[in-house]
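Visitor: no sequence on this one, just coordinates:
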């Protein structure tokens, strides 16, 4: 395992002293020295702080020789270690991110205290093998789901597992928290194309390196019942594919 070597290299390259890293972890400086010498290994909570501090995945930190082989391609990295909340029976709760809390979530999603401050609940008939999070939608870009709808997403560990054409909640450093239909072009150019089901919104692209978390939509909760007279229809996959082609052509012309 390359933890000790990678930690020492990343700390040095970032210009962070052992004392400064120790302060972030809440441990003695001698413990950082022990980590870097391979005499001790960080606990899971400490690994979470380390990966967030240096912007690496856990897999990269433990198994990839960063100094000699360079950083892995961003789209191959794991999403950062997930912070979860549990109940008194040690069952994972579904954490609810209300619309008003979405901005704060960008800064607090890795903070256990912040996560515990958000609403928690359980739902039946969801696989116990997955971790779920709920996000309240804003705007009308994903009709027929209306503002206020709660989308429950299943955590996706790696960006390469994104399936083109499926809907996801993405937590990104550039666009915030968004719910979109995603098309995976990471192997081609390291980017994702995000498409709204409402044809009035144009698709756009996000770099894989800007994605902090991604949740595959599995269910939704809404107090707005479908109206059979409502003529608003989501665009078809053929329409979406055509929009993607037009967007790529526009980007090519701009270059």
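Guide: That came in fine, so what should we check first? Bear in mind the structure is a predicted one, so any value in this text is a computation, not a measurement.

Visitor: For residue 132, which non-adjacent residue is closest in space?
Guide: residue 94 (4.7 Å; C-beta to C-beta, 6 or more residues apart in numbering). No exception for glycine: its C-beta is placed from N, CA and C like everyone else's.

Visitor: mind checking how far the one you found is from residue 222?
Guide: 16 Å (C-beta to C-beta, to the nearest Å).

Visitor: Residue 119 now?
Guide: 17 Å.

Visitor: ok, residue 94 and residue 222, which is more surrounded?
Guide: Neighbours were counted for residue 94 and for residue 222 using other C-beta atoms under 10 Å; residue 94 has more, 19 against 14.

Visitor: close enough to count as contact, the more buried one and residue 119?
Guide: No - if you go by C-beta atoms under 8 Å, residue 94 and residue 119 don't touch, sitting 9.1 Å apart.

Visitor: would residue 148 count as being in a strand?
Guide: No - assessed with DSSP: H, G, I helix; E, B strand; the rest coil, residue 148 is coil; it does not lie in a strand.

Visitor: What's the local residue count around it?
Guide: 14.

Visitor: what does residue 118 give?
Guide: Residue 118 has 19 neighbours, counted by other C-beta under 10 Å.

Visitor: check contacts around it.
Guide: Contacts for residue 118 (C-beta atoms under 8 Å, 6 or more residues apart in numbering) come out as 85, 95, 96, 97, 98, 101.

Visitor: In space, what's closest to the first one - neighbours in sequence excluded?
Guide: The shortest distance from residue 85 to any residue other than its chain neighbours is 4.7 Å, reached at residue 93 (C-beta to C-beta, 6+ apart).

Visitor: swap in residue 53?
Guide: The nearest residue in space to residue 53 (C-beta to C-beta, 6+ apart) is residue 24, at 6.2 Å.

Visitor: Would you mind giving the secondary structure of the one you found?
Guide: What three-state DSSP gives for residue 24 is helix.
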